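A.B. asks: The following comprises the amino acid sequence and a computationally predicted model.
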Number of protein chains: 2
Amino acid sequence: MSSSLLEQLIEAFRVLPGVGQKTAQRMAYHVLEREREGGRRLSSALAEAVERIGHCSRCRDFSETATCATCASASRDVHQLCVVESPVDRLAIEQATGYRGLYFVLQGRLSPLDGIGPRELGLDRLAARLGEGEVQELIIATNPTVEGEATAHYLAQLARQHGVRPSRLAHGVPLGGELEYVDRGTLSHAFGSRSEVPA
Amino acid sequence: MSSSLLEQLIEAFRVLPGVGQKTAQRMAYHVLEREREGGRRLSSALAEAVERIGHCSRCRDFSETATCATCASASRDVHQLCVVESPVDRLAIEQATGYRGLYFVLQGRLSPLDGIGPRELGLDRLAARLGEGEVQELIIATNPTVEGEATAHYLAQLARQHGVRPSRLAHGVPLGGELEYVDRGTLSHAFGSRSEVPA
Ligand SMILES: [Zn+2]
Ligand SMILES: [Zn+2]
């Protein structure tokens, strides 16, 4: 059949989300037929990213430095801290809204059955940070799913324990949906009209 | 915003067919969050494939050796030669049918306005091969598009000039469609009931 390197390449493409056998074949042939230079660039970008991108020690977002550019920036508002489940959610908010505060990336959500508790989400570090006294508002932007809501509830309590005002995104984000798929307008509006979490 | 390596990775993914900004972001984050090992494999498979996969000197299909495994195989029927436009079409036929003959991959189709003539498709080499006398049937499996049909017409004439019987895939392949998207059953049936091209 095909050459073995080609088969390896097709198989390797299947690691990407939503890419089955057919799509992987198309990708491999497309690169070989028309985009060898782009294939080289992708190969080295992948190798570098996988080796050199770790997590920011302050916000847990992806970063190639110990502290990410956002956390290190002098122009962000340190009084606002927005908590998201994953880096894609952080990216969606950053791209859709004019938010100038800081972030905290859980890299997950509370899920006791899967063994994901407060420690796995770095909530001890978050608590310590809230204890520092700089943060005045904790903007809770977890996904509107059952586990996301439970996580939000936990975060709101944590905020209040430290005298920090918790808020959530306004209605507008569809229930059961994933934040990263919401269109920019809706997300921006929901972010702008977030409401304080009632006690 | 994001780290620069991350931005480079997202940009690099856009070289893949059908991958826009949003999908590229998802791919980058997916690899970093869950598939670093898979990302490493993809990186090296890409680098190797792009450097080492060339074209078979006999059939013009992709190959990491001077002659591809199919052309070098002793178990293929040298009396049948199937002409396809691209390697994906060859792969689709190989996977869907029980065909045991050989292939010739045009790597395109006649398109005079784009400067793609018989020479660019290697038809001089195909003519020489038909002249060798081994091939008895030329199975023309170009796509059923306007340019594919024109190419098929040219190929049929070329075959007859060398005393080779030209045939085409049976109806069943939808007009205006692309061969690689036809389901296996249809493609297999169309391949099995190919008909000789009337003079
Ligand atoms: Zn950070
Ligand atoms: Zn070959």
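C.D. replies: Ah, there it is. Residues are numbered from 1 along each chain as shown, chains lettered A, B, ... in the order given. Ligands and ions are numbered 1, 2, ... in the order given.
A.B. asks: Now name the helix or strand holding the nearest residue to A:Ala127 once chain neighbours are set aside.
C.D. replies: Excluding its sequence neighbours, the residue lying closest to A:Ala127 (C-beta to C-beta, 6 or more residues apart in numbering or on different chains) is A:Leu158, at 6.0 Å. Where C-beta positions appear, they are placed from N, C-alpha and C, glycine not excepted. Taking DSSP states H and E as the criterion, A:Leu158 maps to helix A:146-161.
A.B. asks: next one: A:His30
C.D. replies: Counting by DSSP H and E, A:His30 is part of helix A:21-34.
A.B. asks: ok, the residue nearest to A:Ala127 to A:Gln136 distance?
C.D. replies: For A:Leu158, the distance to A:Gln136 equals 15 Å [C-beta to C-beta, to the nearest Å].
A.B. asks: neighbour-wise, which of the two wins?
C.D. replies: Per other C-beta atoms under 10 Å in any protein chain shown, whichever of A:Leu158 and A:Gln136 has more neighbours is A:Leu158, with 19 against 14.
A.B. asks: which helices and strands sit right next to the helix or strand that the helix holding A:Leu158 is followed by?
C.D. replies: Using DSSP H and E, the helix or strand that follows helix A:146-161 in sequence is strand A:165-168. Applying 3 or more C-beta pairs under 8 Å, 6 or more residues apart in numbering or on different chains; DSSP states H and E, we find strand A:165-168 packed against strand A:137-140, helix A:146-161, strand A:195-196.
A.B. asks: distance between the ends of stretch A:132-143?
C.D. replies: Terminal residues of stretch A:132-143 lie 27 Å apart, using C-alpha to C-alpha, to the nearest Å.
A.B. asks: Is that stretch in proximity to chain B?
C.D. replies: No: looking at stretch A:132-143 against chain B by C-beta under 8 Å from any C-beta of the partner chain, there are no contacts, and the closest approach is 14.7 Å.
A.B. asks: what residue ranges in chain A are flagged as low confidence?
C.D. replies: Low-confidence segments of chain A, defined by pLDDT under 70: A:1-3, A:171-177, A:189, A:193, A:195.
A.B. asks: Tell me which residue lies nearest the centroid of it.
C.D. replies: A:Pro87 (1.9 Å; C-alpha atoms, centre = their mean).
A.B. asks: hang on, that one packs against A:Asp61?
C.D. replies: Yes: with contact defined as C-beta atoms under 8 Å, A:Pro87 counts as touching A:Asp61 (5.4 Å).
A.B. asks: joint contacts of those two?
C.D. replies: Contact with both A:Pro87 and A:Asp61 is made by residues A:Val105, according to C-beta atoms under 8 Å, 6 or more residues apart in numbering or on different chains.
A.B. asks: Let me see the ranges of the strands in chain A.
C.D. replies: For chain A, applying DSSP state E gives strands covering A:54-55, A:62-63, A:77-84, A:101-105, A:137-140, A:165-168, A:195-196.
A.B. asks: starting at the chain centroid, how far to the second one?
C.D. replies: It refers to strand A:62-63. 10 Å (C-alpha atoms, centre = their mean, to the nearest Å).
A.B. asks: Including mean neighbour count and distance to ligand 1, could the strands of chain A go into a markdown table?
C.D. replies: Formatted as a markdown table, the strands of chain A follow (neighbours: other C-beta atoms under 10 Å in any protein chain shown; distance: least, C-beta to the ion, whole Å):
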| stretch | mean neighbour count | distance to ligand 1 |
| --- | --- | --- |
| strand A:54-55 | 16 | 8 |
| strand A:62-63 | 25 | 6 |
| strand A:77-84 | 20 | 11 |
| strand A:101-105 | 23 | 7 |
| strand A:137-140 | 23 | 16 |
| strand A:165-168 | 19 | 21 |
| strand A:195-196 | 10 | 25 |
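A.B. asks: gap between the two ends of stretch A:150-170?
C.D. replies: One end of stretch A:150-170 sits 17 Å from the other (C-alpha to C-alpha).
A.B. asks: Name the residues that touch it?
C.D. replies: Stretch A:150-170 is contacted from outside by A:83, A:85, A:106, A:109-110, A:118, A:121, A:123, A:126-127, A:130-131, A:135-142, A:189-197, A:199, using C-beta under 8 Å, 6+ apart.
A.B. asks: Buried residues, that stretch. List them.
C.D. replies: A:151-152, A:154-156, A:158-159, A:162, A:164, A:166-169 (16 or more other C-beta atoms under 10 Å in any protein chain shown).
A.B. asks: same check, this time on stretch A:26-41
C.D. replies: The neighbour-count check on stretch A:26-41 (16+ other C-beta under 10 Å) flags A:26-32, A:35, A:38-41 as buried.
A.B. asks: Show me what from chain A comes close to ligand 1.
C.D. replies: Where chain A comes near ligand 1, counting by C-beta under 5 Å from the ion, the residues are A:56, A:58-59, A:68, A:71.
A.B. asks: What about those residues, which are in helices?
C.D. replies: A:Cys71 (DSSP state H).
A.B. asks: the domain parsing of chain A - what is it?
C.D. replies: Listed by automatic domain parsing, the domain ranges of chain A are A:5-52, A:62-168.
A.B. asks: got the ones you listed as TSV, with distance to B:Pro17 columns?
C.D. replies: Below are the domains of chain A laid out as TSV (distance: least, C-beta to C-beta, whole Å):
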stretch	distance to B:Pro17
domain A:5-52	5
domain A:62-168	22
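A.B. asks: Figure out which of these is closest to B:Phe13.
C.D. replies: Of all the domains of chain A, domain A:5-52 sits nearest to B:Phe13, with 6.6 Å by C-beta to C-beta.
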